[in-house]
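Enquirer: Sequence and predicted model, in that order:
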Amino acid sequence: MKIFVILKRTFDTEEKISIQNGKINEEGIEYIVNPYDEYAIEEAIVLRDKHGGEVTVVTVGEEEAEKELRTALAMGADKAVRIDSEDIDELDQFTTATLLAAYLKNQEYDIILGGNVAVDGGSGQVGPRVAQILDIPQVTTITNLEVADGKATIVRDVEGDEETIEVSLPVLITAQQGLNEPRYPSLPGIMKAKKKPLETLDLDELELDEDDVEAKTTTVQIFLPPAKQAGKVLGGDVPGQVKELVSLLMSEAKVI
């Protein structure tokens, strides 16, 4: 079974983000594998171990992203591919999906896995866009996956409930929390990862021009939400508190 995992390098979710000159200040920030992509990597490894085959992780990014690819290799993936974005002015979901699809269209694959969303942007667009370009089925926000006889039986989240879907391979799937419990890279896995193949591709090798991947959206402004104001504690007896609360709701909150 040929399995590919699309991966993104994101901010560590424990980091405190600051804004400087309208941009995220990246100084001293720690980067990690997007947490939802970890579920995808784990599921890919489980499928490979059960059915045989190969797991390849793919990302779009500059050289620094190789650290996250090596993490995926240490978890148990077999190969890694980095699509170099150094010469691309701005990445958006269209650009990323176009680059990934340009690589994947020349590969043989049974399943493509990715995270449901990236914790930094949260758009959830890249996976579905890749599937659309490749013209293959897609199933998002999955919490269970079984593969047999060229078909996948999938359970996915839907508005507080779940539905079960059967789909023929190849298929693109995005992973949701609850699908599995991602493993930590072991020391032997980290050592092996150093020797596993990591390929780098550029636009020319993907037969793309800069115009083909020009971003369709522009970031106008980045800002933090306003700081929360301190709450008020109402004193006195209950009737007095109710009267003061109603007055505040009318004069300050202006909700009644």
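Expert: On my side now, so go ahead.
Enquirer: Could you report the distance from Met254 to Ala102?
Expert: In this structure residue 254 is Lys, not Met. Separation of Lys254 from Ala102 (Cβ to Cβ, to the nearest Å) stands at 53 Å. For the C-beta atoms, the positions are set from N, CA and C on the backbone; glycine is no exception.
Enquirer: neighbour-wise, which of these two wins?
Expert: Between Lys254 and Ala102, counted using other Cβ atoms under 10 Å, the more crowded position is Ala102 (20 against 8).
Enquirer: Helix or strand: which one has that one?
Expert: helix 93-104 (DSSP states H and E).
Enquirer: Let's see that helix as CSV, backbone CA atoms only.
Expert: Presented in CSV, the C-alpha positions along helix 93-104 are these (Å, rounded to 0.1, in the frame of the first residue of the first chain):
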residue,chain,number,x,y,z
GLN,A,93,-3.9,27.4,0.7
PHE,A,94,-4.1,27.6,-3.1
THR,A,95,-0.3,27.7,-3.5
THR,A,96,0.3,24.9,-1.0
ALA,A,97,-2.3,22.6,-2.5
THR,A,98,-1.1,23.3,-6.1
LEU,A,99,2.5,22.4,-5.1
LEU,A,100,1.5,19.2,-3.3
ALA,A,101,-0.8,18.1,-6.1
ALA,A,102,1.9,18.7,-8.7
TYR,A,103,4.1,16.3,-6.8
LEU,A,104,1.4,13.7,-6.0
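Enquirer: pLDDT on it, on average?
Expert: Mean per-residue pLDDT for helix 93-104: 96.
Enquirer: contacts for that helix?
Expert: Contacts with helix 93-104, where a contact means Cβ atoms under 8 Å, 6 or more residues apart in numbering, come from 4, 6, 58, 60, 81, 83, 85, 88, 112, 121, 123, 125-126, 129-130, 133-134, 201, 206-208, 212-217.
Enquirer: Mind checking which of those are in strands?
Expert: Residues of the contacts of helix 93-104 located in strands (DSSP state E): Phe4, Ile6, Val58, Val60, Val81, Ile83, Ile112, Leu201.
Enquirer: Same list (the residues you listed) but as JSON lines, adding neighbour count.
Expert: Below are the ones in strands among the contacts of helix 93-104 laid out as JSON lines (neighbours: other Cβ atoms under 10 Å):
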{"residue": "Phe4", "neighbour count": "29"}
{"residue": "Ile6", "neighbour count": "26"}
{"residue": "Val58", "neighbour count": "24"}
{"residue": "Val60", "neighbour count": "26"}
{"residue": "Val81", "neighbour count": "21"}
{"residue": "Ile83", "neighbour count": "24"}
{"residue": "Ile112", "neighbour count": "29"}
{"residue": "Leu201", "neighbour count": "16"}
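Enquirer: which two from those residues end up farthest apart in space?
Expert: Farthest apart among the ones in strands among the contacts of helix 93-104 by Cβ to Cβ are Ile112 and Leu201. That separation is 16.9 Å.
Enquirer: which residues sit in contact with the residue lying closest to Ala40 once chain neighbours are set aside?
Expert: Once flanking residues are discounted, Ala40 sits nearest to Leu113: 3.9 Å by Cβ to Cβ, 6 or more residues apart in numbering. Counting by Cβ under 8 Å, 6+ apart, Leu113 touches Ile3, Phe4, Val5, Ile6, Ala40, Ile41, Glu43, Ala44, Leu172, Ile173, Thr174, Ala175.
Enquirer: Kindly report the same for Gly76.
Expert: Ile41, Ile45, Val55, Arg183, Gly189.
Enquirer: Can you report how many residues lie near the third one?
Expert: To tie it back to what came earlier, the one meant is Val55. So Val55, with other Cβ under 10 Å, has 27 neighbours.
Enquirer: close enough to count as contact, it and Val5?
Expert: Yes: contact status for Val55 versus Val5: in contact at 6.6 Å, counting by Cβ atoms under 8 Å.
Enquirer: Need the overlap of contacts for these two.
Expert: By Cβ under 8 Å, 6+ apart, Val55 and Val5 have these common neighbours: Ile41, Ala44, Ala77.
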